[in-house]
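Asker: Got a sequence here, can you model it:
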Amino acid sequence: MSRTKIFTNKYVVAILAIIACVLWGSAFPVLKVTYSELGLDSSDTLSRVLLAGGRFLLASLMVFAVISFGFRESVKIKGEWVKPLLGLGLAQTGLQYFFFYNGVAHATGIKSAILNSIGNFLVVIFAHFVYTDDRLNPSKITGLITGLLGILIINWQPDPSGLSWDFTFVGEGFLIFAGLAGVVGTFQAKKLSSTINPLIVNAYQLLFGSLLLLAFGLPALWTQDLNPTPMFWGLFVYSAFLSAAAFSIWYILLKHNKAGEVTFYRFMIPIAGTILSAIFLPGEKITLSVVISLLLVAFGIAIVNSWNGRGK
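Answerer: You can find the predicted model right below:
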């Protein structure tokens, strides 16, 4: 069976897409535990950026190894591709994970997993203005309203007087900025993957983005007293692996299938992130408001992406 037939089989697509989404969902509790193991406090921005840079540099090397030794293909690129891949790395890895790593540090794992889904809805909104064949319609608008309502609900927290708005610029605000950066990266990746091997796209965007993060966070090596534990190193390697695996799977599936048939499964990311955070993070619980918010967000993601898969 050819590679194209394998990656267009609906069962293979479903299994691989869900695996990628569960990997991404696991990033929320893994990141919170990693911060704890490294002894980072909420104000240690440089160390978190350094950690992100190291993670994605290792992830890029993993992808390059898969391309070279697994698929036995060349990793060389044309000079004309460097600039667009650098731009993708800046958005998809550099900016997105600068905001993501620092946003997660100021929010719970469960809340981060749900709020991070805003990128799914922003893509649908911006696509209306970017692509002439991807306009908003009643179905998409319904999904957007449902999902954004779920995101609003998760920011209302119960207190003795009832409900209070729980939103900070460096926490929830940064997670929204991460979603915006991800939108730019999504459009760039879609364009590049139509002409360049998606694994090559992934490898170089991870490499370029990681170098930008490392350049920003490098001073932490001299200004911060970092004491990594054995568990930290295990989580660090797993984080790199999940990035390499999830992004590579996703880019390959997007190359061989209609976008909506793949992105439909993104509803699994907040579900996996919420469940895994509740299991592995002390003090985090799945409350009624979390369930309502999660259901609305997951349903909204499924609706907007299910429609995107039709006739395109």
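Asker: which residues in the stretch 101-250 of the chain form strands?
Answerer: Remark: strands of the stretch 101-250 of the chain, listed N- to C-terminal, are 156-159, 162-165; assignment by DSSP state E, counting those that start in this stretch.
Asker: tell me how far the ends of stretch 219-233 are from each other?
Answerer: The separation between the terminal residues of stretch 219-233, taken as CA to CA, to the nearest Å, is 20 Å.
Asker: which residue is nearest the centroid of the chain?
Answerer: The geometric centre of the chain, computed from its C-alpha atoms, lies nearest to W24 (CA atoms, centre = their mean), at 6.2 Å.
Asker: which residues touch that one?
Answerer: With contacts defined as CB atoms under 8 Å, 6 or more residues apart in numbering, the neighbours of W24 are 242, 246, 269, 272-273. For the C-beta atoms, the positions are set from N, CA and C on the backbone; glycine is no exception.
Asker: Adding neighbour count and distance to L85, write those residues out as CSV.
Answerer: Formatted as CSV, the contacts of W24 follow (neighbours: other CB atoms under 10 Å; distance: CB to CB, whole Å):
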residue, neighbour count, distance to L85
L242, 20, 22
A246, 24, 19
I269, 29, 25
A272, 21, 29
G273, 27, 28
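Asker: of those residues, closest to V104?
Answerer: G273 (10.3 Å; CB to CB).
Asker: got the CA positions of stretch 70-85 in PDB?
Answerer: Coordinates of the C-alpha atoms in stretch 70-85 are reproduced here as PDB (Å, rounded to 0.1, in the frame of the first residue of the first chain):
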ATOM      1  CA  GLY A  70      13.700   6.600   8.900                       C
ATOM      2  CA  PHE A  71      12.600   7.800   5.500                       C
ATOM      3  CA  ARG A  72      16.100   8.000   4.100                       C
ATOM      4  CA  GLU A  73      15.400  11.400   2.500                       C
ATOM      5  CA  SER A  74      17.600  14.500   2.200                       C
ATOM      6  CA  VAL A  75      17.100  17.300   4.700                       C
ATOM      7  CA  LYS A  76      18.600  19.900   2.400                       C
ATOM      8  CA  ILE A  77      16.400  22.800   1.400                       C
ATOM      9  CA  LYS A  78      16.500  25.400  -1.300                       C
ATOM     10  CA  GLY A  79      17.700  28.900  -0.400                       C
ATOM     11  CA  GLU A  80      14.400  30.400  -1.300                       C
ATOM     12  CA  TRP A  81      12.700  28.300   1.400                       C
ATOM     13  CA  VAL A  82      14.800  29.600   4.300                       C
ATOM     14  CA  LYS A  83      13.000  32.900   4.700                       C
ATOM     15  CA  PRO A  84       9.400  31.400   4.700                       C
ATOM     16  CA  LEU A  85      10.500  28.600   7.100                       C
END
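Asker: Which parts of it count as buried, going by neighbours?
Answerer: By neighbour count on 16 or more other CB atoms under 10 Å, the buried set for stretch 70-85 is 81, 84-85.
Asker: cool, and stretch 207-220?
Answerer: In terms of neighbour count (16+ other CB under 10 Å), stretch 207-220 has its buried residues at 207-214, 216-217, 220.
Asker: Quick check: which of the contacts of W24 has the minimum pLDDT.
Answerer: Of all the contacts of W24, A246 has the smallest pLDDT value, namely 89.
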